[in-house]
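[1] generate a structure from the sequence data that follows.
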Amino acid sequence: SAWDMFPYARERRFFEEFEIAMLGGRPVEFEEYYPEPLNMWLECRCFPAVDGLSVYFRDITERKRTEAALKESNERFHLLADAMPQLAWMARSDGYVYWYNQRWFEYTGTTLEQMEGWGWQAVHDPLQLPQVLERWKASVAQGHPFDMTFSIRGKDGILRPFLTRGFPLTDRTGEVLQWFGTSTDVSELKAAEQLFRVTFENAAVGIAHVAPDGHWLRVNEAVCTLIGYDRPELFTLTSREITHPDDLARDLALAWRLHTNQADSYNIEKRCIRKDGSLVWVNVTVSCARLPNGDVEYFIALVEDITERKEQQAALERSEARLRRVLESNVVGMIRWNLDTSLILEANDEFYRMTGYSAEDIAAGLNFRNLTPEEWTTRNEQGIFSLRNQGFATPYEKEYIRKDGSRVAIIIAGTRFEDSPSEGISFLIDISERKKQQQEIQDLNTRLQRSIAESHHRIKNNLQILSAMVEVESTHLDGSVPKEKWTRLS
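    Model (predicted):
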């Protein structure tokens, strides 16, 4: 019998099922794995017959292997899906959601019984729900991917934005079998986007995104204020159209280096033409956002108004030019100095003539304190104190020691540069000749006074003698001398 041929079958399901078919007189169907020597899965169907049982076997080993692999794959899928940071879900072809991952239940605090089918609506924002339903039903009807950002309420009652995407899984004919979707929490991304918008719009400098062809894509209010155009007007222009022609070639050359990946960024100071035709100086720092293939998606420009700085710089250059002309005119001596080091940094030819020093001496390090004689030190330090604390020193007289050891009398005054606490310039006038003339006049005056005094004394004595002689002569003429006359002569 069959039991004699396969004695081990008595201990397996075959024996039980055959008995049911034989004794119960009804068909049975079952699947059983047979080990050695068969090593296969068999599908068995038993039908009662007049003379016993009709038994049919079908090898289902391959199917069982496929089912086992599919089961293992599903287990791995559910394991991965539960480990995902996103909320995940699956739906039938008609949109009926039948599965959620563990993350969904942890976030919403719900159960499958509550969420199955269309129960997910309970955790949606009522204000957004009509639009969500409309979009989801349209995707299901058309078999198109679903992509939308909306709020989902957590178990803490807080609505947070989620980017939800659903993808249709189809068969070979394109028929939708089911849907798989994920919902990603983008609250941090939304907060970052909001922070970016606030930063972009309220930045103290202009910020702009510019297309590779030069058209403005996005600008903040600071750019509009700076250029004088509103956004709609600016979006019809290119950056080239508002750049001064004399600065355009240099700007385009730098942009080309960035465009061709020869540089990561560049900086340029240029003039822009405002809507009213006036010019504004700007400092522009440009970088770019690139596509995965390396091409420029758009340029990022930071635009700073430097018109005031440029005007101040131009005024300073004009002032320095005037000062240079005065310095080179050699009408008066001039030196540029540093109070911290006490060194003369620069001088003109008149100073060299006055002191006998040269440019080589200054290059070697010439200390202006060493030029002042000891008796003038106190007055000199008062002038330096005034330069440090008031920014200027009024004219005063002093002397300098010349290179050959002789002295030169000067009048000196100075002023400290506004943008430097230690550097400035002094003006020197050589008054040696004047001092010499003053001394000569003083000497002449002294001699004159002495001569006048001596002459007065001699004249006075001579007059006295002459007076006496006249009176004596008068006596000889009349033979008598008045008493009072004698008294005068005695």
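[2] list the buried ones in stretch 216-225?
    W216, V219, N220, A222, V223, C224 (16 or more other C-beta atoms under 10 Å). All C-beta atoms are positioned from the backbone trio N, CA, C, and that covers glycine.
[3] before we move on, what about stretch 401-410?
    Buried-residue list, stretch 401-410, by 16+ other C-beta under 10 Å: I401, V408, A409, I410.
[4] go through those and name the one nearest A249.
    Nearest to A249, judged by C-beta to C-beta, of the buried residues of stretch 401-410 is I410 at 52.8 Å.
[5] the closest residue to that closest one other than its chain neighbours: neighbour count?
    With C-beta to C-beta, 6 or more residues apart in numbering as the criterion, I410 has its nearest non-adjacent residue at 4.9 Å, and that residue is L428. When counting by other C-beta atoms under 10 Å, one arrives at 23 neighbours for L428.
[6] L428 and P395: what is the separation?
    From L428 across to P395, the span is 10 Å (C-beta to C-beta, to the nearest Å).
[7] rewinding a little: how about the residue nearest to I410, what does it touch?
    Taking C-beta atoms under 8 Å, 6 or more residues apart in numbering, we find L428 in contact with V332, G333, M334, I335, E350, F351, M354, Y400, I410, I411, I412.
[8] so of those residues, which ones are in strands?
    Under the assignment DSSP state E, the contacts of L428 contribute G333, M334, I335, Y400, I410, I411, I412 to strands.
[9] returning to what we had before: list the buried ones in the helix or strand harbouring the residue nearest to I410?
    Applying DSSP states H and E as the criterion places L428 in strand 423-430. If you call a residue buried by 16+ other C-beta under 10 Å, then strand 423-430 has these buried ones: G424, I425, S426, F427, L428, I429, D430.
[10] so can I have a markdown table of those showing distance to T378 and pLDDT?
    Formatted as a markdown table, those follow (distance: C-beta to C-beta, whole Å; pLDDT from 0 to 100):
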| residue | distance to T378 | pLDDT |
| --- | --- | --- |
| G424 | 21 | 91 |
| I425 | 23 | 90 |
| S426 | 18 | 92 |
| F427 | 21 | 90 |
| L428 | 19 | 91 |
| I429 | 21 | 89 |
| D430 | 22 | 89 |
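[11] the residues you listed: which two are farthest apart?
    G424 and D430 (20.6 Å).
[12] what about the residue most central in space within the chain, distance to A289?
    Centroid-nearest residue in the chain: L302, 8.2 Å away (criterion: C-alpha atoms, centre = their mean). L302 sits 14 Å away from A289, taking C-beta to C-beta as the criterion.
[13] which stretches of this structure have low pLDDT?
    1-12, 14, 37, 70, 72-83, 323, 326-330, 448, 451-490 (pLDDT under 70).
[14] what about the nearest residue to G356 once chain neighbours are set aside, is that helix, strand or coil?
    Of all residues not flanking G356 in the chain, K403 sits nearest, at 3.7 Å (C-beta to C-beta, 6+ apart). Taking DSSP: H, G, I helix; E, B strand; the rest coil as the rule, one finds K403 in the coil state.
[15] show me what contacts L163?
    Neighbours of L163 in contact, by C-beta under 8 Å, 6+ apart: D147, M148, T149, S183, T184, V186.
[16] tell me where the stretch 251-400 of the chain has strands.
    Remark: strands assigned in the stretch 251-400 of the chain by DSSP state E, counting those that start in this stretch are 266-273, 279-290, 296-305, 333-338, 343-347, 392-401.
[17] please consider this matter closed, and thank you.
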